[in-house]
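Novice: Sequence plus predicted model, see below.
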Amino acid sequence: MKIKKILVSQPKPASEKSPYFDLAEKYGVEIVFRPFIKVEGLSAKEFRQQKVNIADFTAVIFTAKTAVDHFFRLCEEMRISIPATMKYFCTSETIANYLQKYIVYRKRKIFASKTGKLADLLPTMQKHKNEKILFAVSDVNNGAEASVLAENKIITTPAVMYRTVSNDFGPDEAFDYDMLAFFSPQGIEALLKNFPDFKQGDIAIAAFGPATVKSVEDAGLRVDVVAPTPEAPSMPAAMDLFLAKANEG
């Protein structure tokens, strides 16, 4: 199985130091960055259909920078003024720092998980249990995080602010890849939506995370590369191991 052209279903890395570029040079392969899915925000009209009034809340939970963007976009579109007393619970330091794009960081009460997991925020949130908390989510959230909050007696109101949709291929867009790398179940859904008669054949499929692996297998397709693993903690590392064998000789 000779690999010459790879589709990575993510946006092109901003840094030229990305390990994907190292792989391309190391193995002489062409790597194309082309997301199968894209995120679009709900309109103010669509958001209002959920009967959620942002102004009623005193705190908000963010698990992604995308959630931050669409929260403040909706507030602007609906002319909602965010009070200086609003508290922000973020599942990572990166998200907390990203808030500076919209607010003056030092004047707000911002709490961040040091592990990247919502569970790490539970003790802090329990100290603020009297807050009325809004949970900014996407349409594909599985409710697991909301369940963890409920089990710990932290009452929140989930509000969908953005959705994941298929980033459709154009009729003249080539699909001549030897390997496809996916990072979410939605990516697999988009593949089958764009190519309902897709036959894998010799095309290698790389899947990141157990949910993505399951989606590939549920679609009757073959998983050739799995990440993360102890040997390969990232997708580029897993692809490196695979390409070393596939392209040897």
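Specialist: Arrived safely, thanks for sending.
Novice: List the neighbouring strands of the helix or strand hosting Val165 plus their orientation.
Specialist: Taking DSSP states H and E as the definition, one finds Val165 inside strand 156-166. Using DSSP bridges, the strands paired with strand 156-166 are strand 37-41 (antiparallel), strand 133-138 (parallel).
Novice: Show the average pLDDT along it.
Specialist: The pLDDT scores in strand 156-166 average 92.
Novice: Just the C-alpha atoms of the least confident helix or strand in the chain by mean pLDDT, please, in CSV.
Specialist: Of all helical and strand segments in the chain, the minimum by mean pLDDT, DSSP states H and E falls on helix 144-151, at a mean of 86. Taking Å, rounded to 0.1, in the frame of the first residue of the first chain, the C-alpha atoms of helix 144-151 are listed here in CSV:
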residue,chain,number,x,y,z
ALA,A,144,-22.3,13.7,29.1
GLU,A,145,-20.9,16.9,30.5
ALA,A,146,-24.3,18.1,31.5
SER,A,147,-24.9,14.8,33.3
VAL,A,148,-21.7,15.1,35.3
LEU,A,149,-22.8,18.6,36.4
ALA,A,150,-26.2,17.3,37.4
GLU,A,151,-24.8,14.4,39.3
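Novice: which residues sit against it?
Specialist: Thr63, Leu118, Ala119, Leu122, Met125, Phe135, Val137, Ile155, Thr156, Pro158 (C-beta atoms under 8 Å, 6 or more residues apart in numbering). (Each C-beta comes from the backbone N, C-alpha and C, glycine too.)
Novice: if I look at the third one, how far off is Met125?
Specialist: According to C-beta to C-beta, to the nearest Å, Ala119 stands 10 Å off from Met125.
Novice: The two: which has the busier surroundings?
Specialist: Met125 (20 against 13; other C-beta atoms under 10 Å).
Novice: what about the helix or strand that contains that one, average pLDDT?
Specialist: Element membership of Met125, judged by DSSP H and E, is helix 122-127. Per-residue pLDDT over helix 122-127 has a mean of 92.
Novice: any weak-confidence spans in this structure?
Specialist: 1, 105-108, 142, 249 (pLDDT under 70).
Novice: all helices for this protein, in order.
Specialist: 19-27, 44-48, 65-77, 93-98, 122-127, 144-151, 185-194, 210-218, 235-246 (DSSP state H).
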